[in-house]
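Engineer: Build me a structure from this.
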Amino acid sequence: MTKNTTEHAALDRRNFIAKSAAATGLAAAAPSALLSACLPVATAAPETEQLGVATKEAARSNSIIGAYGSWASQLSSSPARLSWLRPEYTDVVTWRAEARVKVLDCLAPPNLSSSTLESPTEPRRSITPAVTRRRTHDGLLFEELEWSMPCGMPTQAVVIKPADATGPLPGILALHDHGGKKYFGWRKIVDLPEQNHPLMLQHRHDYYEGRAWANEFARRGYVVLAHDVFAFGSRRVLFEDMHEIPWGGSSTREKSDQSPELEENIATYNTWASEHEHVMSKSLLCAGTTWPGVVLSEDRLALDVLAARDDVDPQRLACAGLSGGGLRTVYLAGLDDRVRCANCVGFMSTWRDFLMYKAYTHTWMTYAPLLPQYLDFPEILGLRVPLPTLVQSCTEDALYTLPEMQRADRMLREVFDKTGASDRYRGEFYSGGHKFDIEMQESAITWFDRWLKS
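Structural biologist: Okay, here's the model as predicted:
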């Protein structure tokens, strides 16, 4: 596998033939068929000009919403209203504070200690997780945790660290992927012999080159916490709690929570959960919040748990994740400065890419009303500038178009360049499809070691 970084040669996007993801609406779709034509190629122009003519390029392109695409693509300015790349913004601290307030307004994250939305003046929930099991395996110490939530089932999580570790270590919040598999959460990225379901062994083979990366990062000298997030694993929606949906793909008729670990029952659940995504998202909007807002609140709560541990140095925290985990990294690392180092894998493109070409490949966890008016998607992660940030993408990832992945990379580079922090951003492009393979994992570990251990 080959890797190009943004510090070296750009990829030849004219050689990229787009692949369409299976129409599941999920962020780690099955392999897909080859489209018959190349995607539009941006005009050759200076980088800042290319960012500025995005709407003109879009107006010349077909879209997944037909003739409405060119009109819709021009509803948001480029750069967006609160973009750091606009010339009127010169003080990064002032800009970041203003932009973060607006992003949080759009996300409307709930305060998990009450029935209200998060507020800067209102304290967030403080929790003490219960340790449900402690054991060693393969040179690592595992603590399985559980903490109660004001809604849904308790969150289950696991903390992994070297069994012989002494003194506080840097901590990593390992954010599991989506993958169209809501029955599972942290088990996707953690190796525990008694909890390695055959479906998860295959999942790790498909997306992680067979490696349980949470284990490996812990082995390299980190305390790693992986938790189930809203609507996944222990936090999934149970049929027994459902008001009946009588028809459509999200119908609950003849659905049961009995014998949940059987492969056929897991497949049934995952298919249903995929169809139920639009119901969940619309219901949350009716409650005055958003799916990414709820996920952000739960991930911040997990970060609280990690930061409060005696064996963790709270000044050396990181987060990482593939696909849906990369999406979660964008929001968490962009909005919480406790994340001193971040690694977004397999989820970096632009709102234009989603609008014109790829919204059907992505989960409803992605979208917040009005947010594209204020920041382009990569600029949400750019809110963390100048903190160290690694973005890893794959050139044949069918969930995005290569030109828009490259445009997102240029945008992030310009954000860090403008702040005088060019060395704090690294964008990497690898050959192949949607993945976080061993080569990519090793690069991420090197990045974390550079910024958290030096």
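Engineer: now P314, what's its secondary structure?
Structural biologist: Secondary structure, DSSP: H, G, I helix; E, B strand; the rest coil: P314 is strand.
Engineer: do the same with V159
Structural biologist: Per three-state DSSP, the secondary structure class of V159 is strand.
Engineer: Next, count neighbours for the nearest residue to it once chain neighbours are set aside.
Structural biologist: Nearest in space to V159, with sequence neighbours left out and distances taken as C-beta to C-beta, 6 or more residues apart in numbering, is E143 at 4.5 Å. Backbone N, C-alpha and C define where each C-beta goes, glycine included. Neighbour count for E143, taken as other C-beta atoms under 10 Å: 19.
Engineer: Test my guess that E143 contacts A163.
Structural biologist: No - counting by C-beta atoms under 8 Å, E143 does not reach A163; the two are 11.5 Å apart.
Engineer: Name the nearest residue to G69, sequence neighbours excluded.
Structural biologist: G69's closest residue in space is S63 (C-beta to C-beta, 6+ apart), at 2.4 Å.
Engineer: Report pLDDT for that neighbour.
Structural biologist: For S63, the pLDDT comes out at 96.
Engineer: Next: T350.
Structural biologist: 98.
Engineer: Same question for C38.
Structural biologist: Reported pLDDT for C38: 30.
Engineer: now do T55
Structural biologist: T55 carries a pLDDT value of 46.
Engineer: still on that earlier bit, OK, contacts around the residue nearest to V159?
Structural biologist: For E143, the contacting residues are V131, R133, R134, V158, V159, by C-beta atoms under 8 Å, 6 or more residues apart in numbering.
Engineer: partners of it in the sheet?
Structural biologist: R134, V159 (DSSP bridges).
Engineer: quick one on the thing from earlier: filter the contacts of E143 to the buried ones?
Structural biologist: Among the contacts of E143, those scoring as buried are V158, V159 (criterion: 16 or more other C-beta atoms under 10 Å).
Engineer: Kindly reformat the contacts of E143 as CSV containing pLDDT and distance to E254.
Structural biologist: What follows is those, written out as CSV (pLDDT from 0 to 100; distance: C-beta to C-beta, whole Å):
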residue, pLDDT, distance to E254
V131, 97, 38
R133, 96, 35
R134, 96, 40
V158, 98, 34
V159, 98, 39
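Engineer: Surely E379 is in contact with W84?
Structural biologist: Yes - using C-beta under 8 Å as the test, E379 is close enough to W84 to be in contact (6.7 Å).
Engineer: Kindly state the pLDDT recorded for S126?
Structural biologist: Note on S126: pLDDT of 74.
Engineer: Unless I misread the structure, D397 falls within a helix.
Structural biologist: No - counting by three-state DSSP, one finds D397 to be coil, located in no helix.
Engineer: Tell me how many other residues surround it.
Structural biologist: 24.
Engineer: Report the spatially nearest residue to it, omitting neighbours in sequence.
Structural biologist: Nearest residue to D397, sequence neighbours excluded (C-beta to C-beta, 6+ apart): H434, at 4.8 Å.
Engineer: Could you find the closest non-adjacent residue to the residue positioned nearest the centre of the chain?
Structural biologist: The centroid of the chain falls nearest to L327 when counting by C-alpha atoms, centre = their mean (1.9 Å). Nearest residue to L327, sequence neighbours excluded (C-beta to C-beta, 6+ apart): F347, at 4.5 Å.
Engineer: contacting residues for that neighbour?
Structural biologist: A27, L322, S323, G324, G325, G326, L327, T329, V330.
Engineer: please redo it, this time with the cut-off set to 7 Å
Structural biologist: A27, S323, G326, L327, V330 (C-beta atoms under 7 Å, 6 or more residues apart in numbering).
Engineer: Please identify the one among these that lies nearest to A80.
Structural biologist: Nearest to A80 among the contacts of F347, counting by C-beta to C-beta, is V330 at 15.1 Å.
Engineer: Surely that closest one is in contact with L381?
Structural biologist: Yes - V330 is within contact range of L381, at 4.6 Å (criterion: C-beta atoms under 7 Å).
Engineer: which residues of the stretch 351-454 of the chain score low on pLDDT?
Structural biologist: Scanning the stretch 351-454 of the chain for pLDDT under 70 picks out no residues.
Engineer: number of nearby residues for W95?
Structural biologist: Neighbour count for W95, taken as other C-beta under 10 Å: 19.
Engineer: which SS state does it fall under?
Structural biologist: Put simply, W95 is helix when judged by three-state DSSP.
Engineer: so it makes contact with S83?
Structural biologist: No - with contact defined as C-beta under 7 Å, W95 does not reach S83; the gap is 9.1 Å.
Engineer: Please enumerate the strands of this protein.
Structural biologist: 3-5, 130-137, 140-147, 155-162, 169-175, 223-227, 312-322, 339-345, 389-394, 425-430 (DSSP state E).
Engineer: most remote residue from this protein's center?
Structural biologist: Largest centre distance within the chain, by C-alpha atoms, centre = their mean: E254, 32.9 Å.
Engineer: and V92, how far is that from V415?
Structural biologist: Distance check for V92 against V415: by C-beta to C-beta, to the nearest Å, it reads 9 Å.
Engineer: what residues do those two have in common as contacts?
Structural biologist: Residues touching both V92 and V415 (C-beta under 7 Å, 6+ apart) are V385.
Engineer: which one of those two has more residues nearby?
Structural biologist: More neighbours surround V415 than the other of V92 and V415, with 24 against 17 (other C-beta under 10 Å).
Engineer: show me what contacts the more buried one?
Structural biologist: So V415 contacts W84, L85, E379, G382, V385 (C-beta under 7 Å, 6+ apart).
Engineer: how many neighbours does the third one have?
Structural biologist: The one in question is E379. Counted with other C-beta under 10 Å, E379 comes out at 27.
Engineer: circling back: where helices are concerned, which of the contacts of F347 count?
Structural biologist: G326, L327, V330 (DSSP state H).
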